[in-house]
Each structure stands twice: as structure tokens, then as C-alpha cells.
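S.K.: quick one, structure for this:
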Amino acid sequence: MEKHPIKTHPTLGCCGLDCGLCPRYYTVGNSRCPGCCGPDFWQKHPSCSFITCCVKKRNLEVCAECSEFPCSKFKDAGKYDSFLTYKRVIQNLDFIKEHGVEEFIEQQKKRIELLLIMLKHFDDGRSKSFYCIATTLLSIKDLKGALDNAEQKIKEDKSESDDTKTRAKLLKGFLNDIAAREGIELTLRKK
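M.R.: Numbering: from 1, shown residues only. As a prediction, this is how the structure comes out:
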């Protein structure tokens, strides 16, 4: 049986996606995604052209490490895809090209920590995807600010701390306000 490569950082897609900020990465059960080329990836996902070129052929962690980046695969990256987090692919890869994978992973860890707080304390059972998109697209400073504001408002209002619907509504409101101010879409608009 052919041995499949496992990446050092499966939370980072070789194409620049933040796999560690994806709802499927936080799914409990067999449908959980292990991240890009993570453990058991090959039993759950077909390969893609980015993995074939970057990981299998060139033995790289991420496309930004390639001397040919950006290649034609990135011509329209993020322009036409309805998956909102694709909008950060080029920005992520440019950051990696300039600062390296390790510095990107350190920033991503901060985002993952903030996401885990949101999922633990503010998830009403219907907000996981929203929080994943927000932690991908908004700045770390703004994410921390939204969490701080939500916690402060809960204390001021003496809201029931176990009322996750109220907690989710507050945090989502702060995140949506930040996104609107920054001109960032956190939900797909229905056509």
C-alpha cells in the first residue's frame, strides 16, 4: 500500500485555507476532518490538485514555499467561490511567503484559541460555522474585543451565564458590527 504524506501542520491547508478554523475540524465523530493531510486524511478525503502538486510532488507544507507561487492555480482564488474563508487564501500565503510558516501557525494558534472559547462558552448549537468564519476573517484584536465586550455586557446585564442563546446573540452582534465596519461578509447572502 502506498504511504501517504502527513503534513507537519494539518491545521493549515497547503492551498492557504485555515483548516484549523473549519467547522468540520471540530465535528465530533467519523465525519471529523483531520485537516489538510492530517492523520486519517486519506481514508476520508480525495486528494486535490493543490495537495498533489504541493505535498505529493514537491514535498512542501504549503504552496507559499514553492518557487512558482503564485501559479495559475491561484489566478481566481477567492473571487468566485461561495466558501467565504477562501477569501483569505492569498493573504495567508503571502504572509507565509514573507514571514514563514511558523509565524503564521503562531497567529493561527491564537485564532484557534479564540474559536475554542467561542465554541465552549457562546455556542447555542447553531453558531459553530459563524464563529469559524469570524475567526478566519476578522483580526485577532477585533475577535478579542468582541469576546471582551460580550463578557462585559453579560456581567453588566447580570444575564444568566448558562443562557447560551443570549450569550451567542450578544457575541454574534458584536462580531457582525465589527464585520460591517470592516466591510467583511460573515454570512452568505441569499440570492
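
S.K.: what about the residue nearest to residue 45 when sequence neighbours are not counted, distance to residue 24?
M.R.: In this structure, residue 45 finds its nearest non-sequential neighbour in residue 33, 7.3 Å apart by C-beta to C-beta, 6 or more residues apart in numbering. Backbone N, C-alpha and C define where each C-beta goes, glycine included. Distance of residue 33 to residue 24, computed by C-beta to C-beta, to the nearest Å: 4 Å.

S.K.: residues shared between the contacts of those two?
M.R.: Common neighbours of residue 33 and residue 24 (criterion: C-beta atoms under 8 Å, 6 or more residues apart in numbering): none identified.

S.K.: now do whichever helix in the chain runs longest: which elements does it pack against?
M.R.: Assignment by DSSP state H gives helix 101-121 as the longest helix of the chain. Packed against helix 101-121, as judged by 3 or more C-beta pairs under 8 Å, 6 or more residues apart in numbering; DSSP states H and E, are the following elements: helix 89-99, helix 128-137, helix 140-157.

S.K.: okay, which residue is most central for this protein?
M.R.: residue 21 (2.9 Å; C-alpha atoms, centre = their mean).

S.K.: which non-adjacent residue is nearest it?
M.R.: Once flanking residues are discounted, residue 21 sits nearest to residue 136: 4.6 Å by C-beta to C-beta, 6+ apart.

S.K.: show me the shaky parts of this protein.
M.R.: 1-3, 76-86, 159-162, 188-191 (pLDDT under 70).

S.K.: domain assignment for it?
M.R.: 1-99, 108-191 (automatic domain parsing).

S.K.: ok now the first one, how far from the chain's centre?
M.R.: Between the centre of domain 1-99 and the centre of its chain there are 11 Å (C-alpha atoms, centre = their mean, to the nearest Å).

S.K.: same question for the shortest one.
M.R.: Once both centres are worked out by C-alpha atoms, centre = their mean, domain 108-191 turns out to sit 14 Å from its chain's centre.

S.K.: ok so, going back, how about the longest helix of the chain: buried residues?
M.R.: Neighbour counts over helix 101-121 (16 or more other C-beta atoms under 10 Å) mark 101, 104, 105, 108, 111, 112, 114, 115, 117, 118, 119, 121 as buried.

S.K.: make CSV from those residues and add distance to residue 15 to it.
M.R.: Compiled in CSV, those are given as follows (distance: C-beta to C-beta, whole Å):
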residue, distance to residue 15
101, 14
104, 13
105, 16
108, 15
111, 18
112, 18
114, 23
115, 20
117, 27
118, 25
119, 24
121, 31
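
S.K.: can you pull the contacts of residue 36?
M.R.: Shown in contact with residue 36 (C-beta under 8 Å, 6+ apart): 7, 10, 11, 12, 13, 14, 15, 17, 19, 51.

S.K.: let's see it at 7 Å
M.R.: Neighbouring residues of residue 36 by C-beta atoms under 7 Å, 6 or more residues apart in numbering: 7, 10, 12, 13, 14, 19.

S.K.: right, I'll call it a day here.
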